[in-house]
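Chemist: Could you look at this predicted model? Sequence included:
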Amino acid sequence: MAAIAPLAGSFALIFGGCCSNVYCLEAIVKHEPDSGLLITLFQFVFTCVSTLHYQFDPNGRFFVKPSPVPFRKWCISAALFFTVNMMNNWAFAFDISVPVHIILRSFGSVTTMAAGWLRGKRYTPVQVFSVAVLTAGVMVSAWADAKSKGKSMDTSSVDFTNASFEAGLVVLLVAQFLSAYMGAYVEDIYRQHGNHWQANLFYSHLLSLPLFGGFYPILYDQFARLQASQPFVVPHSVATALPPSLNKVLASTSQHVIFLTANAVTQLLCITGVNILSANTSAVTVTIVLNIRKLVSFLLSIWLFGNQMSGMMKVGAAMVFGAGALYGWETSYVIPKKRREAAEKNGKKHSASCTPTMTAPVVRQRGPNKDKKRGTSPNPETISEKVHDVVEKVKPKLAPKKASSEWDYRLAITILTVLAFITRFWGITHPNQVVFDEVHFGKFASYYLQRTYFFDVHPPFGKLLFAFAGWLVGYDGSFLFDNIGDSYITNKVPYVAYRAMPATLGALTVPVVFLIMWESGYSLPACVTAAGLLLFDNGHIAETRLILLDASLIFFMATSIWAYVRFYKLRHAPFSRKWWKWLLITGISLSCVISIKYVGAFTFFSIGIPVLFDLWDLMDINRRQGALTLQQFGKHFAARALGLVIIPFFLYLFWFQVHFSILSKSGPGDDFMTPEFQETLSDNIMTLQSVGIDYYDSITIKHKETKVYLHSHADKYPLRYDDGRISSQGQQVTGYPHNDTNNHWEILPSKALTSTMEDANGKRYNDTLFELRVESNKQKGDFKTMSTHFKLIHVPTKVAMWTHTKPLPEWAYKQAEINGNKNVQQTSNIWFVDDIPSLPAEDDRNKKEVRKPKHLSFLRKYVELQRAMFFHNNALTSSHPYASYPISWPFLLRGVSFWTHNDTRQQIYFIGNPLGWWIASSLLAVFVGIIGADQLALRRGMDALDTRTRSRLYNSTGFFFLTWMAHYVPFYIMGRQLFLHHYLPAHLASVLVTGALIEFIFNMEPVDPEHNTATPDAKGHRRTKSRPVRERVASQSLLASWIACAVILAVVIWCFLFFAPITYGKPGLSVEQVKARKWLNYDLHFAK
């Protein structure tokens, strides 16, 4: 009975609290559908206050009881809990119907079981079957409930192209996966540290409260709307039994505020029951109980509101209750019974094996060891799993020692992180004007908020982050960042919120660089050197304080490297939970990099090469850890393909789907897309004004790129051109940018009809024939103005009519030349009909009908946008006054002027820390020299480095050097405009190389003069068998490394402070001060 009591109590709290909670929630949501955030806050505050007595200790630190669970784990649990609750309640603000909402949340048992399976748990077929039946039962019940209320569950009635529906669907699906992971994570906490469900209840709510701070404006608006509802009406029979003061308070309080409070109280009861159940059962059991609770809520709603229970509802109820009973029977009776029987059987075998026999008094065998006599090679997978299990068991005992030995690393990373936030956020409000490329990326964020379609050569993820920052602070995107120098204050733009996003990511990049070095096994001076070079770099600071993409690009590049290092360190524990976690984090980070800019492909290359080498090593039949079978190698290959290619690619596609879903209105990006694409946008002028074209209409034809009309006038071409060529002296056909009657062309059938145009139908008839080739192969419907794009192909010569921007001479009035283009496939050959001047106003074709935007598949939209992005990116070849060449970047020969203010002589000049860049670039050359010298020494039979040092130099430092090359060398073959900021990812890799070489050069080991003999190797060559150079020239102390670190950081900090005025844009400098900073003749302003 003692064991059943917690379960019975948890069931009572779950079913009583949650079912009561549904009633209050429905009352609130009906009045204010998007009040989910306020509901969540009330629940969290009430639960936190109500559970304070569990953890309150007047003698404890901060008056809280000490917890056996690491505080870090409570923080992770709280973050997951907050995110899941927020996303589930946030879904109410989208076009998600209640049945769809319930169906998606009913998959919790499936996702929880999948998460448990990925974390190493295994389930019986009966458990899997019961979960499947239970999920189907809830779906059947939801379908029956929707049908009884007149709602359709047919997916054909759901507008999947609706951006609101798609966003709500994504929110719920992500919430389900996070909820499954949270359940498994909390289950692990209880298993490792004990059933401290009260502490979990307290910390998960307390630590979540600060996360609501950023939503204050939204919370205030939601509460104000609920407060404005009618007062709470107390029934007369109840009012007589209550004190007058309480009646007065209730009567003066809004009824929806009362419901809000009641919702929080009932939610507390429900959560308490869930935590008690979690502490005594598995995560899947908790999810099963919650799914049954959902059905009970259905049944109670039917009973309370007098609805009839249909036959399908009865079927669904039977499936849910039956599946729940089956799962409970399997989990609580069958599995424990099998375990007891297995334990008894093993106990008998053990006792029998320990009893000597007459025939074999000496030989004793134990079950696991009976195959020891076989000469089989050990299975490396089994060995790694056993080692991993042992490590997991002893981890709690080793953890305190590890923490105590790494306090200096933790202190260093904390200080560096604080300094990173200070350097990135100091003076972030200045200037309060549009700076450099903020005109582009700020504009794109506004277009997202206005849902207006635009075109850009970069993928959408980085710009979506800016739009998300604007949405969080409630900005409507009314300011379009038209010109550099436009005032943010005058236009009431929350520019600090925009800039805070890249500044935060830029600040976090510093500790990530430190973590890369730390996880790679480098000493503390090496870690501090690498992170310090990035921390005090003026270029990174200037780029991350503005509304630009590079901060997010560099952050996710750094997290990709860090995650891959963590994954590589787990190579001897393949397919473990942490192995999978860091593999997926690597893939997700890589996807984020390439979803911001396509130069993220360089990061894919940087990590892809080591992955291929790793797979090649796994193929080796003579590998030290033991040979893998082809099946085992196939698992390794498939796992890496899934985590580093497939999942990142689908996540990359996902951001494009979000991009298309948000941008549903016509905008400045329409002209870059085909007519089919434009017809999917609402308010598109092409969709609204296109008119069908008939024979004998007079039309005007416009070139898509240059926007000139196809024009003809009475003048003829000259007999001889300026270059000596002879012309046909035919009538001039040119391109004219203005509307004119000479732009009118009549549409005639291709066959000769009754006409007075004898010449046109005479001997030169074929010369006048043009094939009108519509662009889309799937073009359907009428030939229309605006929407039908086509090419005019001359039939005899097979060339396309084409024009360009260079004007003709004076004899053609400097109008555009119309010529033939042999490359018919070029997009510069496209024309469209702009208008039909001859169309009478009373014509039926002028009657406009309301047209809904058409639907185009995601794949077609994605492919079309990709083609346009690559084409226009490659077309960015025009000169720019601040463009630079890759050869100048490592030496920092010039920068870029971001912003100037003439009155105060203030300026922002994008330039790196010269001394820091020169040190990093020099050590890159040193690394190449060390590798060359080592290879030369090996060729001459001298072993200058020990195996461990050489492995570190080639593998770890070599990986950093490969990353630098991958992010630098490809720019030499690019033909587009290039700027200094393109080197920032490569600069991050160079500081990693610098930190690694600081340790290699200065962190020496003691001398041993005895190892100084030369012996022949296996091939008979004389090889110097001496102590490595590192061991022969210095001591083991880190003093030299700290001195080198201090010297480097001292000069870098001085240089950072010296150039800070042109990095932060203040204060203004005098002429002498500006000249003093023109080290390499930098083109600074106000030098005169």
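Modeler: Perfect, I can see it now.
Chemist: what's the distance between residue 225 and residue 78?
Modeler: Distance of residue 225 to residue 78, computed by C-beta to C-beta, to the nearest Å: 28 Å. The C-beta positions use only the backbone N, C-alpha and C, and glycine is treated the same way.
Chemist: Please identify which of the two sits among more neighbours.
Modeler: residue 78 (22 against 16; other C-beta atoms under 10 Å).
Chemist: Just list the residues touching the more buried one, thanks.
Modeler: Contact analysis of residue 78 by C-beta atoms under 8 Å, 6 or more residues apart in numbering lists 203-208.
Chemist: ok, now residue 473?
Modeler: 217, 494, 497.
Chemist: pLDDT score for it?
Modeler: pLDDT recorded at residue 473 is 86.
Chemist: Residue 936 now?
Modeler: pLDDT at residue 936 comes out at 91.
Chemist: Start the count at 59 instead of 1 going forward.
Modeler: OK, 59 is where the count begins now, so the last one is residue 994.
Chemist: coming back round to it: could you dump the contacts of residue 136 into a markdown table and include distance to residue 598?
Modeler: Formatted as a markdown table, those follow (distance: C-beta to C-beta, whole Å):
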| residue | distance to residue 598 |
| --- | --- |
| 261 | 36 |
| 262 | 36 |
| 263 | 38 |
| 264 | 36 |
| 265 | 31 |
| 266 | 32 |
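Chemist: could those residues go into a markdown table alongside secondary structure?
Modeler: Shown next, in a markdown table, are the contacts of residue 136 (DSSP: H, G, I helix; E, B strand; the rest coil):
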| residue | secondary structure |
| --- | --- |
| 261 | helix |
| 262 | helix |
| 263 | helix |
| 264 | helix |
| 265 | coil |
| 266 | coil |
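Chemist: what ranges do the strands span in the chain?
Modeler: 756-761, 767-774, 789-794, 802-804, 828-832, 847-852, 858-865, 874-879, 888-893, 954-959, 964-968, 1070-1074, 1080-1084 (DSSP state E).
Chemist: Now do the shortest one: everything it contacts.
Modeler: It stands for strand 802-804. Counting by C-beta under 8 Å, 6+ apart, 754-759, 768, 895-896 sit against strand 802-804.
Chemist: let's see 7 Å
Modeler: The contact list for strand 802-804, computed with C-beta atoms under 7 Å, 6 or more residues apart in numbering, reads 754, 756-759, 768, 895.
Chemist: next one: it to chain centre, how far?
Modeler: 52 Å (C-alpha atoms, centre = their mean, to the nearest Å).
Chemist: What pairs with it, parallel or antiparallel?
Modeler: Applying DSSP bridges to the sheet, strand 802-804 is found paired with strand 756-761 (antiparallel).
Chemist: which parts of the partner strand are buried?
Modeler: Within strand 756-761, the residues scored as buried using 16 or more other C-beta atoms under 10 Å are 757-761.
Chemist: How about stretch 1032-1040?
Modeler: 1036-1040.
Chemist: what's the answer for stretch 832-852, then?
Modeler: Per 16+ other C-beta under 10 Å, stretch 832-852 contains these buried residues: 833, 842-852.
Chemist: Out of those, which comes closest to residue 500?
Modeler: The closest of the buried residues of stretch 832-852 to residue 500 turns out to be residue 844 (C-beta to C-beta; 30.7 Å).
Chemist: and that closest one, what does it touch?
Modeler: Here residue 844 is in contact with 744, 747-748, 890 (C-beta under 7 Å, 6+ apart).
Chemist: buried subset of those?
Modeler: Using 16+ other C-beta under 10 Å, the buried ones in the contacts of residue 844 are 744, 748, 890.
Chemist: and residue 476, how many residues sit next to it?
Modeler: 13.
Chemist: how near is it to residue 134?
Modeler: Distance, residue 476 to residue 134, by C-beta to C-beta: 22 Å.
Chemist: before we move on, back to that, and the contacts of residue 531 as TSV, adding neighbour count?
Modeler: Shown next, in TSV, are the contacts of residue 531 (neighbours: other C-beta atoms under 10 Å):
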residue	neighbour count
275	11
552	16
555	17
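Chemist: Return the closest of the contacts of strand 802-804 with respect to residue 180.
Modeler: residue 759 (69.5 Å).
Chemist: From what I see, the closest one and residue 766 are in contact.
Modeler: No. Shown here, residue 759 and residue 766 do not form a contact pair, counting by C-beta atoms under 7 Å, at 9.8 Å.
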